[in-house]
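Undergrad: need the 3D shape of this:
(chains A and B)
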Amino acid sequence: MPLKTFKGGVHPKDKKELSEGAQIVRLEAKGELTYLMNQHIGAPAKPIVNVGDRVLLGQTIAEAGGFVSASVSASVSGVVKSIGPKVTRSGDEAIAITVENDNEYEAVEGFGEPRDYDKMSKEDIRAAIKAAGIVGMGGAGFPTAVKCTVKDDSKIEYVICNGAECEPYITCDYRLMLERPEDAVLGMKIVLKLFENASGVFGIENNKPLGIESLRKATEGSERMSVLPLKKKYPQGGERMLISAVTGRKINSKMLPADAGCVVLNYSTLIAIAEAVTKNIPLVRRVVTVTGEAIKTPSNFDVPIGISSKELIEAAGGFTEDPEKLIFGGPMMGAAVYSDDLPITKDSSCILALSKDETAGLEPSECIRCGKCLYACPEHLMPIRLKNSADAGDYKDFEAAHGLECIGCGCCTYVCPAKRRLSQTITMAKRYVLAEKKKGAAK
Amino acid sequence: MSKLNVSISPHIRSKETTTSIMLDVIIALLPSVAVGIYVFGLRALMVTALSVISCVASEFLYEKLLKKPITIKDLSAVVTGLILAVNLYSTAPWWLPILGGAFAIIVVKMLYGGIGQNFMNPALAARCFLLLSFSRIMTDYPALDGVSSPTPLVLAKQGTVVPISDLLLGTHSGTIGETSAIAILIGAAYLCIKGVIKPREPLSVILSTGVFVTLFSLIQGNPITLNYLAVQMLGGGMLLGAVFMASDYATTPVTPWGQVVFGCCVGFITALIRCVGNGVEGVSYAIIISNLLTPIIEKITAPRPFGLRKERAKND
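TA: Numbering: from 1, shown residues only, chains lettered A, B, ... in the order given. Predicted coordinates for the structure are as follows:
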């Protein structure tokens, strides 16, 4: 049987060999920790502590700022040093709480206390996920409690674990597949309890045969769970592409996964769910890959959230040479940052240091109409037409050509032989159209 | 720590460039040019060289005079020159490829905005321009081994059986690059493997020509033999046109189904010219006429976005 996948996409070199053999190493923070209030999609969290307060490990220091939002917990014990605006990795400002680590790791009451999820009601499980401040840890940062709350639980047929990890370089989920498969399976069991008619599918790209094997062993004997190898292709881990590969159902920008009977959760997120529900541990740590040609010893670290990226880079032996580009996330969709001293957030899967920025010297030339962007687009759009309408300021045509369906995966820009910045222009146009719509709705 | 570059993702790019694609097309054309030089002698080499030089020089001078950035490095002018050359007879006087190359680049390509902007295939438009302006010279097919021999399509029209081996190897009269089917197919295979063209583009042209030639012959009550059909599908400019010109980026649809529709248009018009009209060749005209239909074909064959169903009735 051919491997499941989707139509379109690209095949960048995966470069995972740099860090895939590195066992996860636990790292504690030496310096202070910075907790951003916008580590997720939705309303920012609201601080509920004051400067000078002593906070404990696992203590909620900011509460969810709305329905689509997530709380933030302290990942160490220590004193709150400041609460105020900080420049984030995107260059925007956000409120941040900084905590001076006292290295005592004194935890709040109940932290780490075992709970039997079998005896918990659906409401209890959802409340535990919400209280833990869990968000999608693959990169999008969508609040997990919201994802797990659907109109009708019985209509969910698939809980899909996104183990594609289709971005080049990143190996944090892969290492967790090898080292902690049983925790992810436990997380899946808990989520399956919420959706009684669903079966759990672990979708993993076939460039991770050991990961597939590890999960197969861990799910052995379970009737409701299976492992589905997927073809290695970017963006296989895109939510819509993954749902289509697993179920054959296709959703568009106006639909939610639940409309296709699916709930999709990242692999690390499942482990966070297991910890939150069975051990009462909120999302205070995550695994981050530190890799790239400019990193001395590419590594996978288990770190407290809020730790500075600088400490991770030092722990990985520092730079072999000054990197030209530093990226939070993968090379296809990650954010290039201006400093090596930025806090790790719940959705930071990777710190990538490139010794050469291969996009720097590229001057776009005229489109030769080769059509490669069309064939690469996983959304089956015509990037060439979308860019032309966006460049001309013809946003009506941009919408008519379904520009709002773009998922921003960057495949069109990746393949373009004329090195045109297709996805960049399309993303900007999409933001503009959406902002205009919001304005229109507000009037 | 030194300054860090900040830009919007993606941060990696494929190695392919416009120049590397053009280079692939040049490589794919080389077998046909080589056979042409082998069969027709050094004169074929001269015609080819003049055509390429004329195209590159025209682009350079045009851009220099108008103070535009010089783009000859992208090799697209070399491709145009080669395609024009393989469409000419080796008997062409020296000024013919020079005039043709200048027309292709200046009138058809640069005046419409340069690479990717022209709506007609420059080499083919130049060939048709030469064909109409100097029809006697342009149809002066070369003699082989001192014996004047008509091209296979002419022979087939007269009802003569043409040995298929001649068509495959190229040991018959014709333009510089069109004679050997094998040489062209080697180029086609290279382009398909490299992903420069899709097999559906040449295949739809060749197969639809076969279908429409059969159809028209049946309607007209003309006898149809396998040999006749093979000559129609392999002989003359058919293969060359199907592989290198009906797959041209700028002037053919970018949509997958659009390429098939375009190929069928070319096949239909070719058959029309050959069977209903009085023409012998017709592929060149068929392609540049179909070029004009490209925008509309592209519009009606736009792919349906992922997850969007057919537009339902508005009151749904």
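
Undergrad: chain A contacts on the stretch 151-300 of chain B?
TA: Those residues of the stretch 151-300 of chain B that sit near chain A, judged by CB under 8 Å from any CB of the partner chain, are B:249, B:250, B:254, B:255, B:256. C-beta coordinates here come from the backbone N, C-alpha and C atoms, glycine included.

Undergrad: residues touching the first one, list them.
TA: Remark: with contacts taken as CB atoms under 8 Å, 6 or more residues apart in numbering or on different chains, residue B:249 is in contact with A:368, A:369, A:370, A:371, B:116.

Undergrad: in a markdown table: the residues you listed, plus secondary structure and neighbour count.
TA: A markdown table is the format used below for the contacts of residue B:249 (DSSP: H, G, I helix; E, B strand; the rest coil; neighbours: other CB atoms under 10 Å in any protein chain shown):
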| residue | secondary structure | neighbour count |
| --- | --- | --- |
| A:368 | coil | 22 |
| A:369 | coil | 22 |
| A:370 | coil | 23 |
| A:371 | coil | 22 |
| B:116 | coil | 20 |
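
Undergrad: widest-spaced pair of those?
TA: The distance between the two most remote of those (CB to CB) is 11.4 Å, for A:371 and B:116.

Undergrad: circling back: and the residues of the stretch 151-300 of chain B next to chain A, which are buried?
TA: Neighbour-count burial (16 or more other CB atoms under 10 Å in any protein chain shown) applied to these gives B:249, B:250, B:254, B:255, B:256.

Undergrad: quick one: the helices in chain B?
TA: Along chain B, the stretches classed as helices by DSSP state H are B:18-40, B:42-65, B:76-86, B:95-102, B:122-133, B:135-138, B:152-157, B:164-169, B:181-193, B:200-220, B:226-234, B:238-240, B:256-271, B:283-300.

Undergrad: any residues touching the fourth one, and which ones?
TA: Going back to what we said before, that points to helix B:95-102. Helix B:95-102 is contacted from outside by B:47-48, B:50-55, B:57-58, B:80-81, B:84-85, B:88, B:126-127, B:129-130, B:134, B:137-138, using CB under 8 Å, 6+ apart.

Undergrad: would you show me how to pick out the buried ones of those in PyMOL?
TA: Selection of buried members from the contacts of helix B:95-102 for PyMOL, criterion 16+ other CB under 10 Å:
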select buried, chain B and resi 47+48+50+51+52+53+54+55+57+58+80+81+84+85+88+126+127+129+130+134+138
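
Undergrad: who in the stretch 101-250 of chain A is up against chain B?
TA: Within the stretch 101-250 of chain A, the positions near chain B by CB under 8 Å from any CB are A:168, A:240, A:244, A:250.

Undergrad: so what's the last one closest to, chain neighbours aside?
TA: When the adjacent residues along the chain are set aside, residue A:250 lies closest to residue B:307, with 3.9 Å between them (CB to CB, 6 or more residues apart in numbering or on different chains).

Undergrad: same check on the second one?
TA: Here the nearest residue to residue A:240 in space, its sequence neighbours aside, is residue A:251; by CB to CB, 6+ apart that works out to 5.6 Å.

Undergrad: so the one you found: helix, strand or coil?
TA: At residue A:251 the chain is in coil, as set by DSSP: H, G, I helix; E, B strand; the rest coil.

Undergrad: ok so, going back, of the contacts of residue B:249, closest to residue B:210?
TA: Looking across the contacts of residue B:249 and measuring by CB to CB, the closest to residue B:210 is residue A:371, at 25.8 Å.

Undergrad: next, the contact list for the closest one, please.
TA: Here residue A:371 is in contact with A:384, B:249, B:254, B:255 (CB under 8 Å, 6+ apart).
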